[in-house]
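In: based on what follows, work out the 3D shape:
(one chain, ligands or ions: 1)
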Amino acid sequence: MDVVSSLSDLKTVRLSLDGTVGLVPTMGYLHEGHLSLVSRAKAENKNVIVSIFVNPTQFGANEDLSKYPRDLERDLNLLSSLFPPSSEQKLVVWTPSDEIMYPHGYQTWVEVEALTKVLEGSMRPGHFRGVTTIVAKLFNATQPDKAYFGQKDAQQVAVIRRMAVDLNFPLEVIVCPTQREADGLALSSRNKYLNEAERKAATVLFRSLSAAKELYEKGERDGENLRRKMKEVLEGEPLAQMQYVSCTDYDTLEELDVVKGKALLSMAVFLGKTRLIDNFILG
Ligand code: AMP
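Out: Predicted structure coming up:
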């Protein structure tokens, strides 16, 4: 495992890599969700690059940038256990600083339009501009053959796939399934903020999505009825404060009156001060 920070060290190690490269962008504080992306990248590539960077430009002014959990030593231990010294495959961990990614005078941004105006984009103005800018920079710096993202962040996946096509990035975007706790809660670095009662209540996202999916499986195709079912379950949990529920087309993220083809059920819910998101795919 090589750990590099500067762009020149990254360039040197990138030039030394032989064979395909899979990139896994992360903000660190790794859990089994992140590690499932790394394992998939390892299974499909000769080399894996994991970036660890808490990207300040994707956090809003009132969001949790300063308290976002960080533990590089723990992250490196988890990653090195996937790539023992005997492994023929190479792991590079890139940990750039804010100054490396956004040096003095920085003024260039990447923006995907309609797809970022809805759902998370409407609740978190500027978030996706930060995401697409940093991901484009990670793609340019690491030159991967494939890049791995989690379905947990469904809109992020839709936006990055669009950006990769629109800007002709010569790589494949691979989407990996959401990893969950035994009780259904999607793994997230932010789960650490939940107190005991909120942690118990947080299963309501999974319960709400499951209830709507069950209706869908029984034949319900009315988008409003599916949204209503999700809301109903969320309202049954006093510690949960719904921000939005949605039933959209999977690719365009347009809200659906009638579900046809592949669709996305998604939601954002506050448990106390912690904002959690989750989604299920239909069809
Ligand atoms: P983050 O560190 O939160 O920016 O996440 C880095 C990558 O891991 C993103 O592509 C996420 O979608 C993905 N990810 C986060 N949580 C999960 C999860 N529970 N299951 C699968 N992928 C995840």
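
In: beta partners of residue 222?
Out: Taking DSSP bridges as the rule, residue 222 bridges to residue 258.

In: need the pLDDT of it.
Out: Looking at residue 222, its pLDDT is 98.

In: how about the residues of this protein by the ligand?
Out: Applying Cβ under 6 Å from any ligand atom, one finds that the chain approaches the ligand through 26-27, 33-34, 36-37, 149-150, 152-153, 176, 178-179, 186-189. Where C-beta positions appear, they are placed from N, C-alpha and C, glycine not excepted.

In: now, the residues you listed that are in helices?
Out: The helices, defined by DSSP state H, take in 33-34, 36-37 from the residues of the chain next to the ligand.

In: just the buried subset of those residues, please.
Out: Taking 16 or more other Cβ atoms under 10 Å as the criterion, what is buried in those is 33-34, 36-37.

In: and which of those is nearest to the ligand?
Out: residue 33 (2.5 Å; Cβ to the nearest ligand atom).

In: now do the contacts for that closest one.
Out: Contact partners of residue 33, counting by Cβ atoms under 8 Å, 6 or more residues apart in numbering, are 150, 152, 178-179, 186-188.

In: any idea which of those residues is closest to the ligand?
Out: Among the contacts of residue 33, and counting by Cβ to the nearest ligand atom, the member closest to the ligand is residue 150, at 2.2 Å.

In: show me what contacts the closest one?
Out: Taking Cβ under 8 Å, 6+ apart, one finds 33-34, 36-37, 157, 175-179 in contact with residue 150.

In: and which of those is nearest residue 21?
Out: residue 37 (14.2 Å; Cβ to Cβ).

In: count of residues packed around residue 269?
Out: 24 (other Cβ atoms under 10 Å).

In: buried among the contacts of residue 33? Make that a ChimeraX selection.
Out: Typed into ChimeraX, the line below selects the buried ones among the contacts of residue 33, using 16+ other Cβ under 10 Å:
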select :150,152,178,179,186,187,188
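
In: reformat the buried ones among the ones in helices among the residues of the chain next to the ligand as JSON lines; add pLDDT.
Out: Below are those laid out as JSON lines (pLDDT from 0 to 100):
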{"residue": "33", "pLDDT": "98"}
{"residue": "34", "pLDDT": "98"}
{"residue": "36", "pLDDT": "98"}
{"residue": "37", "pLDDT": "98"}
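
In: wait, which of these is closest to residue 75?
Out: So of those, ranked by how close each gets to residue 75 (Cβ to Cβ), first place is residue 34, at 8.6 Å.

In: how about the helices in the stretch 51-200 of the chain?
Out: Under the criterion DSSP state H, counting those that start in this stretch, the stretch 51-200 of the chain contains helices at 72-82, 98-101, 119-123, 127-142, 154-166, 196-201.

In: now do the second one: distance to the chain's middle.
Out: The reference is to helix 98-101. Using Cα atoms, centre = their mean, to the nearest Å, the mean C-alpha position of helix 98-101 is found 21 Å from that of the whole chain.

In: over to the longest one?
Out: Here helix 127-142 is found 13 Å from its chain centre; the criterion is Cα atoms, centre = their mean.

In: and it, what does it pack against?
Out: helix 7-16, strand 21-26, strand 47-52, helix 119-123, helix 154-166 (3 or more Cβ pairs under 8 Å, 6 or more residues apart in numbering; DSSP states H and E).
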